[in-house]
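Chemist: What shape does this take:
(one chain, ligands or ions: 1)
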Amino acid sequence: MTETTPATDGEFRAGFACFVGRPNAGKSTLTNALVGQKVAITSGRPQTTRHTIRGIVHRDDAQLVLVDTPGLHRPRTLLGERLNDLVKGTLTEVDVVGFCLPADQKVGPGDRFIADQLAELARDRRGTPVVAIVTKADLVSRQRLAEQLLAVQALGDWADIVPVSAVDGYQVEVVADVLVSHLPVGSALYLEGELTDEPEEVMVAELVREAALEGVRDELPHSLAVVVEEIVPRDQPAADGTPMLDVRVNLYVERDSQKAIVIGRGGARLRDVGSEARRGIEALLGARVYLDLHVKVAKDWQRDPKQLGKLGF
Ligand SMILES: Nc1nc2c(ncn2[C@@H]2O[C@H](COP(=O)(O)OP(=O)(O)OP(=O)(O)O)[C@@H](O)[C@H]2O)c(=O)[nH]1
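Modeler: Numbering: from 1, shown residues only. Presented below is the predicted three-dimensional model:
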C-alpha cells in the first residue's frame, strides 16, 4: 500500500522506535510480531502495558529497538498522569514514532487527542518522524481499509502510512522496513540474542499481572499492581538438575471487594492465576518455580504518590 523506501542503502542503521495509540490499538501484538517472540504483555483488556518494554529486531542491515509504551490516554487519576509523563518522556528519546490506529474502529476523539499530542510534541522535538500504522487489517474488507487509510491520512502530518496485520503477518516486514528507514546510520546498540533489557522482576510481575487480569471484567486493570518481593534460588536443584527458585509476589488492589475477585471462592481463582503465571515464569527463568502469591489491599493507591512510589511507578 505504501511506497517503501529501501530500508538500506548499504549502510547499517540502528535506533529506537516506539508505538503509541489508544488502549487496545494492537501495539503490544505488533511489537511481538516484529520481534518474533513474546516479550510485551498482551491481553484483550486495555492498558495492560505499564512498563516500557523493549524488543529488539536484529536484521542484516539494521537493528530496531522497540520501546513499547503504555497507551497514551486522557489522564483520569494520578496514575494516568504519570503514565502520560512516561509516554512523553519516551517519545522524546526515540528516532521514530509509530502511531497505531485499529482498522476496525472509526477514527475517534481518542485518536484525535493523541494526534494533537504528537503534533504538540513535534513542535518541541527536532521533527521526529511519526509513521501512522493502521493495525488489525485482517478484520476489515479492502474497501474499509482504504477508507480508514484516507481518514488517518487526514488526521495529521505523517512520515508514512502503513496498514498491517500482526495476526496474519500481512505487511509486518513492511512496517519494519519503514521504521528502519527512519533510523540513523550507526552500529548495533545491543548484542544479538538480547531480546529485552527489562529486569527479570518486571517481567515476572507482568506475567502475574496478565494471569490475574485474565477473565475479570470490571475495573481491575486500573486497580491492580504487582510487586515481586523476592526471587531466591534454592541451594539444592531438583532431582533432574533443574535449578529451583522461590518467587514471592504481592498483588495490590484498592478494595476488599477486588481482593475477593482476585482470590475467588475458596482461593480457587488465585490458584489458577498462580499455576498460569508459574508456567510463564518457569519458561522465562528456565527454572522450576515455587510461586507464593499474596493479595493485599492498598487503599486508593492510584491517587497516593507515596504508594505509587513504593509500587515502582
Ligand atoms: N484480528 C487482529 N487482532 C489483533 C491484531 N493486533 C492485535 N489484536 C488484538 O487486539 C487486542 C489488543 O491488542 P494489544 O496488542 O494488547 O493492544 P495494545 O495497543 O498493546 O493495548 P494496551 O496495552 O492496552 O495499550 C488483543 O486482543 C489482540 O489480540 C491484529 O493484527 N489482528
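
Chemist: In this structure residue 176 contacts residue 59, no?
Modeler: Yes. Between residue 176 and residue 59 there is a contact under C-beta atoms under 8 Å: 7.4 Å. (Glycine included, C-beta is placed from N, CA and C.)

Chemist: Between these two, which is the more surrounded one?
Modeler: Neighbour totals were compared for residue 176 and residue 59, and residue 176 leads with 23 against 16 (other C-beta atoms under 10 Å).

Chemist: quick one: buried residues of the host helix or strand of that one?
Modeler: Using DSSP states H and E, residue 176 sits in helix 172-181. Applying a neighbour-count criterion of 16 or more other C-beta atoms under 10 Å, one finds 172, 174, 175, 176, 177, 178, 179, 180, 181 buried in helix 172-181.

Chemist: Rebuild the residues you listed as CSV, extending it with pLDDT and distance to residue 285.
Modeler: As requested, these are arranged in CSV below (pLDDT from 0 to 100; distance: C-beta to C-beta, whole Å):
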residue, pLDDT, distance to residue 285
172, 95, 29
174, 96, 35
175, 97, 31
176, 96, 29
177, 96, 34
178, 97, 35
179, 97, 31
180, 96, 32
181, 96, 37
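
Chemist: any chance of those residues in a markdown table, with distance to the ligand too?
Modeler: Listed next are those as a markdown table, based on distance: C-beta to the nearest ligand atom, whole Å:
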| residue | distance to the ligand |
| --- | --- |
| 172 | 9 |
| 174 | 14 |
| 175 | 11 |
| 176 | 15 |
| 177 | 18 |
| 178 | 16 |
| 179 | 16 |
| 180 | 20 |
| 181 | 22 |
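
Chemist: Now flag whichever of those is closest to residue 145.
Modeler: Set against residue 145, the nearest of the buried residues of helix 172-181 by C-beta to C-beta is residue 174 (14.0 Å).

Chemist: correct me, but that closest one touches residue 165?
Modeler: No. Contact between residue 174 and residue 165 fails when scored by C-beta under 8 Å: they sit 11.1 Å apart.

Chemist: Pull the contacting residues for residue 249.
Modeler: By C-beta atoms under 8 Å, 6 or more residues apart in numbering, the contact set of residue 249 is 204, 205, 208, 226, 227, 228, 229, 291, 292, 293, 294.

Chemist: what secondary structure does the closest residue to residue 29 other than its chain neighbours sit in?
Modeler: With C-beta to C-beta, 6 or more residues apart in numbering as the criterion, residue 29 has its nearest non-adjacent residue at 4.4 Å, and that residue is residue 166. What DSSP: H, G, I helix; E, B strand; the rest coil gives for residue 166 is coil.
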